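Participant: got a predicted structure here, sequence first:
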Amino acid sequence: MKSGSGDLVDRYVQSVRSLLPKAQQDDIAAELEEAIRGRIDAREAELGRKLSDAETESIIKEFGHPIAAAGRYAPQRHLIGPEIFPFWWLGAKGVVVLAAIIGVVNGVSHVARGAHDPITLIGVAWATFWTTGLFLIGLLTVVGGVMEHYKIKPFANWRVADLSHYGLGGGLGSAWPPQDEKKPWGDFDHFRLRPRTRRRISVAASLFFTLFGFAAWTLYPTFIDQLPVVMDPRWWAELAGIDITSSHWLALWAVGVVQIGFQSLAYLLELLDPQLVRRRAAANLVSNGAGAVFATMALSFTGLLDLSIPSSAQFHEMNALQGAPHVVELVLIVWVIASAAAALWDLFRLITGYSMRKKDL
Amino acid sequence: MPVDVEVFENLRQELRRGWLILAVLGQLRTEQYGYTLRKALADLGIEIDEGALYPMLRRLESQGLLTSQWREEEKRKKRFYRLSADGEEALSRLVAEWRALGQSLERSL
């Protein structure tokens, strides 16, 4: 049978051992045990007697808690490293603001729908803030972790001239663009498309896709019955317990036509003449305004205060989908805010004629 | 205003981190096991926790700067470390860096 101090050492070493990578367990544990016993022997030789359990424990404690001791042998690990962390942190701060806005909008919308109790307003806003904030920060962390794991560098190709677009540079870079910077790999610019050409190709592609979307949305009612049931919004509405009539659908469809139609028009105008900033802004204003109206209408159809799943027999087994209306609501709220913000920006461009792309023209 | 204790301790740890490796490599020109190495460093006035020393030795070994061998001494198996050929080369280059840095610092301090 082992002495008390031997038992303590064994217990400690086994605890550390269980936390070590399998391939190194025996080796590290043996070395650790030898180090501790060496210390104990030296102390006993110094004192000329056996150590008490308390004295042994104090020596063992110098090696640190088993988790910390095992952790020192592991390679340094982090989910998000110092290079990506500032971007994560900035994003997290933005998420907190966004979650607060969504919380307030959701709370106010409850009041607008008849909940006059201020406790409801505060409760809904508070709950929405936390659920949205934690969800988005979790999502941001996953994105940051993936970028860290795959060594994806955020904004690796940033330009000083672009900083003012993010409110970071005050236009300093664009005031002094280096015209003939030397490139260490030689000058391959003649193989590249000019910025304006690149931009026009991008606009043409966007126009193509929005026109395709416009055609598909416009013709949607004519072939809706031939589509699989999961592509039928009526099925989703029924599943989410949203009471929506055919006139509601017609109104939504019409607003959608306006939105995509004017978006296509904005791209067409840009393709024809990039200098038509104000006309393009006007088309975008109508499109984004229609987007905000579309999402607001859809939001009003969700019932907001009545988020229960219908109790008909066919939905009894779909308990897992009980959160779906909340998610739909959140998406729609974000949609309303984003469209409204974009519409405000378009209004500003319409009034001032401001274009961020002037230097590329 | 006196420097905050925590701030000073962090700066000291940062300063130590680099030269501690140099001291360990320097001591392992002759073969030693953990306990004697720690004692030799302590005799030179360089204190290092066992919790930090052993993982450092393994890391330096995995980087090819040290070699190790289990051997019995005083009726107990011990792991002896010593500088490898790569370790010798790295140490001489680090010492040169250290001396150059020291001279520069002396001029600036």
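Facilitator: Received the coordinates, thanks.
Participant: report the contact partners of the spatially most central residue of chain B.
Facilitator: Taking C-alpha atoms, centre = their mean, the centroid of chain B lies closest to B:V24, which sits 2.4 Å from it. By C-beta atoms under 8 Å, 6 or more residues apart in numbering or on different chains, the contact list for B:V24 reads B:L37, B:L41, B:I48, B:L53, B:M56, B:L57, B:L60. For glycine as for every other residue, the C-beta is placed from the backbone atoms N, C-alpha and C.
Participant: secondary structure class for it?
Facilitator: helix (DSSP: H, G, I helix; E, B strand; the rest coil).
Participant: what comes up buried for stretch A:57-64?
Facilitator: Of all the residues in stretch A:57-64, those buried under the rule 16 or more other C-beta atoms under 10 Å in any protein chain shown are A:I59, A:I60, A:F63, A:G64.
Participant: tell me which parts of chain A are close to chain B?
Facilitator: Residues of chain A that fall close to chain B, judged by C-beta under 8 Å from any C-beta of the partner chain: A:28, A:30-32, A:34-35, A:37-39, A:42, A:62-64, A:68-69, A:72-73.
Participant: in PyMOL, how would I select just the buried ones from those?
Facilitator: The buried residues among the residues of chain A next to chain B can be selected in PyMOL (16+ other C-beta under 10 Å) with this line:
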select buried, chain A and resi 28+30+31+32+34+35+37+38+39+63+64+69+72+73
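Participant: taking the residues of chain A next to chain B one by one, which sit in strands?
Facilitator: Of the residues of chain A next to chain B, none are assigned to strands by DSSP state E.
Participant: which ones among the residues of chain A next to chain B map onto helices?
Facilitator: A:28, A:30-32, A:34-35, A:37-39, A:42, A:68-69, A:72-73 (DSSP state H).
Participant: could these be laid out in CSV, adding distance to A:I260?
Facilitator: Formatted as CSV, those follow (distance: C-beta to C-beta, whole Å):
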residue, distance to A:I260
A:I28, 63
A:A30, 70
A:E31, 68
A:L32, 67
A:E34, 74
A:A35, 71
A:R37, 77
A:G38, 77
A:R39, 75
A:A42, 81
A:A68, 58
A:A69, 62
A:R72, 59
A:Y73, 59
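Participant: list just the nearest of those residues to A:A338.
Facilitator: A:A338 has its nearest neighbour among those in A:A68, at 45.9 Å by C-beta to C-beta.
Participant: where's residue 13, which helix or strand?
Facilitator: Since no chain was named, I'll use chain A. helix A:4-17 (DSSP states H and E).
Participant: you answered for a different chain; I wanted chain B.
Facilitator: Assigned by DSSP H and E, B:Q13 belongs to helix B:5-27.
Participant: buried residues, that helix. List them.
Facilitator: Those would be B:L20, B:I21, B:A23, B:V24, B:L25, B:G26, B:Q27, for helix B:5-27 by 16+ other C-beta under 10 Å.
Participant: next one: stretch A:47-58
Facilitator: Buried, per 16+ other C-beta under 10 Å, within stretch A:47-58: A:L51, A:E55, A:T56.
Participant: and those residues, which of them are in strands?
Facilitator: With strands defined by DSSP E, no entry of the buried residues of stretch A:47-58 lies inside them.
Participant: from those residues, which shows the smallest pLDDT?
Facilitator: In terms of pLDDT, the lowest of the buried residues of stretch A:47-58 is A:L51, showing 89.
Participant: just to check, that one is in contact with A:R43?
Facilitator: Yes: judged on C-beta atoms under 8 Å, A:L51 makes contact with A:R43 at a distance of 6.0 Å.
Participant: what about the helices in chain B?
Facilitator: Remark: helices assigned in chain B by DSSP H are B:5-27, B:34-43, B:50-62, B:85-108.
Participant: can you list the ones you listed in CSV and add mean pLDDT?
Facilitator: Listed next are the helices of chain B as CSV, based on pLDDT from 0 to 100:
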stretch, mean pLDDT
helix B:5-27, 88
helix B:34-43, 91
helix B:50-62, 90
helix B:85-108, 93
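Participant: any common contacting residues for A:L51 and A:R43?
Facilitator: Taking C-beta under 8 Å, 6+ apart as the criterion, A:L51 and A:R43 both touch A:I59.
Participant: hmm, back to that, could you dump the buried residues of stretch A:57-64 into TSV with pLDDT and distance to A:T245 added?
Facilitator: Shown next, in TSV, are the buried residues of stretch A:57-64 (pLDDT from 0 to 100; distance: C-beta to C-beta, whole Å):
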residue	pLDDT	distance to A:T245
A:I59	91	79
A:I60	91	75
A:F63	89	73
A:G64	88	68
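Participant: closest one of the residues you listed to A:F223?
Facilitator: A:G64 (68.3 Å).
Participant: below-threshold pLDDT in chain A: ranges please.
Facilitator: Low-confidence segments of chain A (pLDDT under 70): A:1-6, A:112-116, A:154-158, A:161-198, A:226-231, A:236, A:239-244, A:302-327, A:356-361.
Participant: in the helix ranked longest in it, what counts as buried?
Facilitator: Ordering each helix of chain A by length in residues (DSSP H) puts helix A:118-149 first. Across helix A:118-149, burial judged by 16+ other C-beta under 10 Å covers A:121, A:124-125, A:128-129, A:131-133, A:136-137, A:140, A:143-144, A:147-148.
Participant: and the helices in chain A?
Facilitator: Secondary structure of chain A (DSSP H): helices at A:4-17, A:25-47, A:53-61, A:66-73, A:85-112, A:118-149, A:172-175, A:195-223, A:233-239, A:246-272, A:277-301, A:324-352.
Participant: fine by me, we can end here.
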